[in-house]
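> no sequence on this one, just coordinates:
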């Protein structure tokens with residue numbers, strides 16, 4: 001356990017963030033491995049089929065991450081207030097609500113999958129493989145959320161190392177199962193999906209067994225699984241708010257994917273590669289966002305606005321260092337990275353993905369502010385401003401689809417995100433300057 005309410009903020013933030021960063025690197029590693037293995041063994045057509053569902057996959061992952069991280073704000077706040085009984089009760093309620101939520105989402109998404117893929121303009125020659133792949137991913141949604149919840153709860157009480165270890169296990173296992181299912185057993189794109197779900201299942205079981213043994217004082221008792229209306233309201237208020245925040249972002253990407261899928265296989269593959277590398281380049285920002293959400297939650301529970309303000313500024317400086325590194329990489333080795341991710345020598349794919357990344361990375365300094373401020377506001381209980389910002393991104397991307405892509409084609413997609421970033425950062429900056437938790441004279 002790590003108490004983030006005491007000690008110098010910068011070492012605490014770094015000590016918490018580094019294991020999360022390493023864990024996310026391994027997660028990206030097996031995402032990239034999925035892409036490379038599918039491309040190498042099954043070809044561009046299969047890779048395009050998987051890529052045609054990438055925005056849907058990101059939407060699902062974003063929703064699961066948002067829900068679990070939002071849920072975890074409540075035990076983190078209770079931990080900061082040194083209320084162990086409420087920590088235990090909130091953890092028990094989190095698992096109950098997680099199972100109920102994924103049951104409903106699984107039925108809805110699997111039942112309407114053909115219609116969803118059709119709405120995305122998935123090419124007819126790809127829709128069979130795309131559906132076969134994504135159906136398995138959706139059926140494993142419960143496992144995905146249970147892992148995210150377990151990891152988020154452990155981070156909420158200051159343990160960011162244990163989720164890292166089990167994520168590394170899942171990553172290594174996933175790559176091995178990918179090679180077995182796709183390369184040896186020849187199960188096609190379904191094999192890649194099965195490998196992902198199986199690896200996550202092993203990680204979830206290990207995580208839960210470890211948490212029960214290591215932190216018995218926080219392991220829910222039988223009565224803690226009886227969820228009160230008040231506690232459910234608190235958890236869903238925080239969880240749904242953060243899930244909506246990330247979902248609105250990804251809904252915009254889903255609409256863009258519908259346009260991208262009309263541009264042909266090469267553009268779909270290029271966009272898939274560019275988004276995989278975007279996840280890598282944005283990793284420092286994402287990790288620091290998760291870190292500050294927990295850091296701010298604990299310090300909000302401890303009523304320490306001075307530490308919240310100091311932690312946010314130091315986090316931004318770290319994120320901007322990551323932005324500069326991303327710019328250097330995008331203008332030097334990106335073409336090589338695209339080849340490594342896709343396993344292709346198709347010049348249209350390589351050049352298109354490289355151009356996308358070079359346009360976007362220049363403006364990552366804005367996304368750093370968006371991610372860190374948005375998560376910090378969530379950590380101090382502000383559910384609405386992050387939603388307003390995310391709504392701007394959703395409607396901004398819709399506007400790009402309607403007004404720019406008909407005349408600019410895929411270039412309109414490339415410039416859509418930088419345009420929207422500058423709009424969505426405005427309400428976040430406005431609110432962080434006004435909120436008591438971030439002001440010098442603030443009292444919480």
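Looks like it came in fine. Keep in mind the model is a prediction, meaning the values are calculated, not measured. Residues are numbered from 1 along each chain as shown.
> list the contacts of residue 331.
Going by C-beta atoms under 8 Å, 6 or more residues apart in numbering, residue 331 touches residue 358. (C-beta placed from N, C-alpha, C; glycine too.)
> repeat that for residue 138.
Going by C-beta under 8 Å, 6+ apart, the list of residues near residue 138 reads 60, 106, 109, 110, 113.
> most neighbours, which of those residues?
residue 60 (21 neighbours; other C-beta atoms under 10 Å).
> for that residue, pull up the helix or strand it's in.
Using DSSP states H and E, residue 60 falls within helix 54-80.
> mean confidence score for that helix?
Confidence for helix 54-80, expressed as mean pLDDT, is 81.
> residue 16 touches residue 293, doesn't it?
No: the criterion here is C-beta atoms under 8 Å, and residue 16 misses it with residue 293 at 10.8 Å.
> between the two, which is the more surrounded one?
Set side by side, residue 16 and residue 293 show more neighbours around residue 293, with 28 against 24, by other C-beta under 10 Å.
> roughly how far does the more buried one sit from residue 198?
From residue 293 across to residue 198, the span is 30 Å (C-beta to C-beta, to the nearest Å).
> just residue 421 next, same as before
37 Å.
> try residue 213
24 Å.
> compare those two (neighbour count), which wins?
A direct count of neighbours by other C-beta under 10 Å for residue 213 and residue 198 places residue 198 higher, at 17 against 9.
> next, the angle from the strand or helix carrying the more buried one to helix 54-80.
Taking DSSP H and E as the definition, one finds residue 198 inside helix 189-214. Using axes from the mean of the first three to the mean of the last three C-alpha atoms, to 10 degrees, the inter-axis angle of helix 189-214 relative to helix 54-80 is 0 degrees.
> so for helix 189-214, mean pLDDT?
For helix 189-214, mean pLDDT rounds to 88.
> check which helices and strands it is in contact with.
Counting contacts by 3 or more C-beta pairs under 8 Å, 6 or more residues apart in numbering; DSSP states H and E, helix 189-214 packs against helix 9-42, helix 44-51, helix 127-139, helix 141-156, helix 161-178.
> buried residues, that helix. List them.
For helix 189-214, the neighbour count (16 or more other C-beta atoms under 10 Å) marks 189, 191-204, 206-208, 210-211 as buried.
> next SSE after it?
helix 229-260.
> how far does that following helix sit from the chain's center?
Here helix 229-260 shows a centroid-to-chain-centroid distance of 11 Å under the convention C-alpha atoms, centre = their mean, to the nearest Å.
> between helix 229-260 and whichever helix or strand comes after that helix, find me the angle.
From helix 229-260 onward toward the C-terminus, using DSSP H and E, the following helix or strand is helix 265-281. Orientation of helix 265-281 against helix 229-260 (the same axes, to 10 degrees) gives an angle of 140 degrees.
> other residues contacting helix 265-281?
Residues from elsewhere that reach helix 265-281, judged by C-beta under 8 Å, 6+ apart: 28, 31-32, 35, 39, 44-45, 47-48, 50-52, 54, 58, 123, 126, 260-261, 326, 329-330, 334, 337-338, 341-342, 344, 346, 348-350, 352-353, 356-357, 360-361, 364, 410, 413.
> after it comes which helix or strand?
Following helix 265-281 in sequence order, the next helix or strand is helix 283-301 (DSSP H and E).
> got any ranges where the chain has weak pLDDT?
Counting by pLDDT under 70, the ranges of the chain that qualify are 1-2, 30-32, 246, 248-252, 442-444.
> and the gap between the residue most central in space within it and residue 298?
Geometric centre of the chain, nearest residue: residue 62, 4.6 Å, by C-alpha atoms, centre = their mean. Using C-beta to C-beta, we find residue 62 at a distance of 24 Å from residue 298.
> just to revisit the earlier point, buried ones among the contacts of helix 265-281?
By neighbour count, with 16+ other C-beta under 10 Å, the contacts of helix 265-281 hold 28, 31-32, 35, 39, 44, 47-48, 50-52, 54, 58, 123, 126, 260-261, 326, 329-330, 334, 337-338, 341-342, 344, 346, 349-350, 352-353, 356-357, 360-361, 364, 410, 413 as buried.
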